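*Asks:* sequence and predicted model, in that order:
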Amino acid sequence: MAKPFKYIHNYPILVFFILGSISMLSCKKGNDSGGDSDYFSFDKSGIGIEIADQEMGIKFHPPKNWELRQSSISQKIQSRDSANPNDKFIYQPTYVFFNNSSGGLLSVGKVVSSDSTLTGSSKLNFYKGLLSSKHKNDNLIAANFVNSKIYFSQFKIEKQNLISYKILFQNNKGDIIEFDYNIPVNAAEESDHFIKSSIGSIKPLF
């Protein structure tokens, strides 16, 4: 299992190309049938109803007692080049889940690039580089892991009183899928089990 690495201040996109490739190679595929890890859990007591989405090609369970809400979260835009505003990534949430008790919020959706020349892993690497650059002044830890034959990247971001877990991967069609778990710091410990169980439930639909 690859160990998490702290964000390196200079050259964020280049760093994620290099470290991302090394980490992917070093992750143990045994996680596909093995036990829990530092990043996910197979404990079904921590998950809610199953969601199967044909368009995204995945099925998953939100954390237990996180209820489905109307998707009122607006698109989030990350620009690769400030001189070219049309060169950007757009996160489009399809599902939103909320927990009244903890204040936890999960959004799930696709990340779309306006640059048609980016394909395969290069598209995902550029997006990860943008996120690392955006959060370079926050408490950021990034890691890669494998489960259900999916190569995941996780960004754990602590900013003020909020912790965010951004889970990124590509589906069978090469689309970038993002799971964005947000939890207040004072509810993080009690919510950790439920978030890990939800992450462990993400699987390809086909």
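*Replies:* That came through, no problem.
*Asks:* now do the strands in the protein.
*Replies:* 5-6, 51-53, 58-60, 67-69, 76-79, 88-98, 105-113, 139-147, 150-159, 162-170, 176-184, 203-204 (DSSP state E).
*Asks:* now those strands in a markdown table, with mean pLDDT, distance to N125 and mean neighbour count?
*Replies:* Yep, even glycine has a C-beta here, placed from its N, CA and C like the rest. Formatted as a markdown table, these follow (pLDDT from 0 to 100; distance: least, Cβ to Cβ, whole Å; neighbours: other Cβ atoms under 10 Å):
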| stretch | mean pLDDT | distance to N125 | mean neighbour count |
| --- | --- | --- | --- |
| strand 5-6 | 42 | 15 | 12 |
| strand 51-53 | 97 | 24 | 15 |
| strand 58-60 | 98 | 21 | 21 |
| strand 67-69 | 93 | 32 | 13 |
| strand 76-79 | 61 | 13 | 14 |
| strand 88-98 | 91 | 12 | 18 |
| strand 105-113 | 94 | 12 | 21 |
| strand 139-147 | 95 | 11 | 20 |
| strand 150-159 | 96 | 9 | 19 |
| strand 162-170 | 97 | 10 | 20 |
| strand 176-184 | 97 | 10 | 21 |
| strand 203-204 | 96 | 21 | 14 |
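*Asks:* D192: which of these is closest?
*Replies:* strand 176-184 (8.6 Å; Cβ to Cβ).
*Asks:* report the central residue of the chain.
*Replies:* A centroid search over the chain (Cα atoms, centre = their mean) returns I167, at 1.2 Å, as the residue closest to the centre.
*Asks:* now do the contacts for the closest residue to that residue other than its chain neighbours.
*Replies:* Closest residue to I167 in three dimensions, ignoring its sequence neighbours and counting by Cβ to Cβ, 6 or more residues apart in numbering: F179, at 4.0 Å. Residues in contact with F179 (Cβ atoms under 8 Å, 6 or more residues apart in numbering) are F60, L106, S107, V108, Y165, K166, I167, L168, S198, I199, I202.
*Asks:* also G103?
*Replies:* G103 neighbours (Cβ under 8 Å, 6+ apart): I183, P184, A187.
*Asks:* between these, which is nearest D115?
*Replies:* I183 (32.4 Å).
*Asks:* the closest one against F98, yeah?
*Replies:* No - using Cβ atoms under 8 Å, I183 makes no contact with F98, being 11.2 Å away.
*Asks:* now the residue nearest to the centre of the chain: how far from S116?
*Replies:* 25 Å (Cβ to Cβ, to the nearest Å).
*Asks:* next one: Q160
*Replies:* Relative to S116, and taking Cβ to Cβ, Q160 is found at 37 Å.
*Asks:* so for I183 and F98, which residues contact both of them?
*Replies:* Joint contacts of I183 and F98 (Cβ under 8 Å, 6+ apart) are G104, L105.
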